[in-house]
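K.L.:
when you get a sec, could you give me coordinates for this:
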Amino acid sequence: NVNAGAPAIYMVSATLSAGAGNIKLYGNNTTSQDNGIYILNSTLTATGAGTIGIYGDSYGGGSGAYNGVTLNGNTTLQTDSGNLTVWGTLASSSGNSSAGLSFFRPSDQAGTIQIISSSGNIVLAGQEASANAANTYGINHWSMGNVFVGSPSNSSFTATGNITLRFSDYWPAGSNTLNL
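P.N.:
Predicted coordinates:
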């Protein structure tokens, strides 16, 4: 838990590999204006049946785009046959362009986000305090790059697992796509 104006978990240019183990990140920003989890230009992998779970809560608020989970730049989350979950919750409905789950942020680094698995199931969820509140979203996608879910951008494999999207509302990018 963090309540001092900084992300609870802040990963920049990091590589985290669990081998066949599991990766679980829980970040909770309880009362201040920042992200629960912020991941930029990082790679998280689990092989075999290893799983990845990323769960972030943000109070949001203020004039910045603060989110439960923010994925940014060239970030890859990858499993082989294990499940992959990214779940972000926004606790306040007062944040400007804040979301439970955000792909990129305004004025941040562009790139390609990949949330991929050969055969594991993928769940992406974004929940906001008040469904369809003005200026907050379940899932937000800024026009800083494309997002690939399931299969990778280079088409090196075709995903066979299920993809589930859960959100109160979705703000799509104007010039980039969410590829399922």
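
K.L.:
helix/strand/coil for residue 125?
P.N.:
Secondary structure state of residue 125, per DSSP: H, G, I helix; E, B strand; the rest coil, is strand.

K.L.:
what is the burial count for it?
P.N.:
Counted with other CB atoms under 10 Å, residues neighbouring residue 125 total 21. C-betas here are computed from N, CA, C, even on glycine.

K.L.:
need the three-state assignment for the residue nearest to it when sequence neighbours are not counted.
P.N.:
Among residues not flanking residue 125 along the chain, residue 166 sits closest, at 4.0 Å (CB to CB, 6 or more residues apart in numbering). On the three-state scheme (three-state DSSP), residue 166 is labelled strand.

K.L.:
which residues does residue 166 contact?
P.N.:
Residues counted as contacts of residue 166 (CB atoms under 8 Å, 6 or more residues apart in numbering) are 123-127, 138.

K.L.:
and the lowest-mean-pLDDT helix or strand in the chain, which strands flank it?
P.N.:
One helix or strand of the chain scores below all others by mean pLDDT, DSSP states H and E: strand 170-171, with a mean of 86. According to DSSP bridges, strand 170-171 forms sheet pairs with strand 136-141 (parallel).

K.L.:
could I get the average pLDDT for whichever helix or strand comes after the strand it pairs with?
P.N.:
Next helix or strand after strand 136-141 toward the C-terminus (DSSP states H and E): strand 147-150. Strand 147-150 shows a mean pLDDT of 97 in the predicted model.
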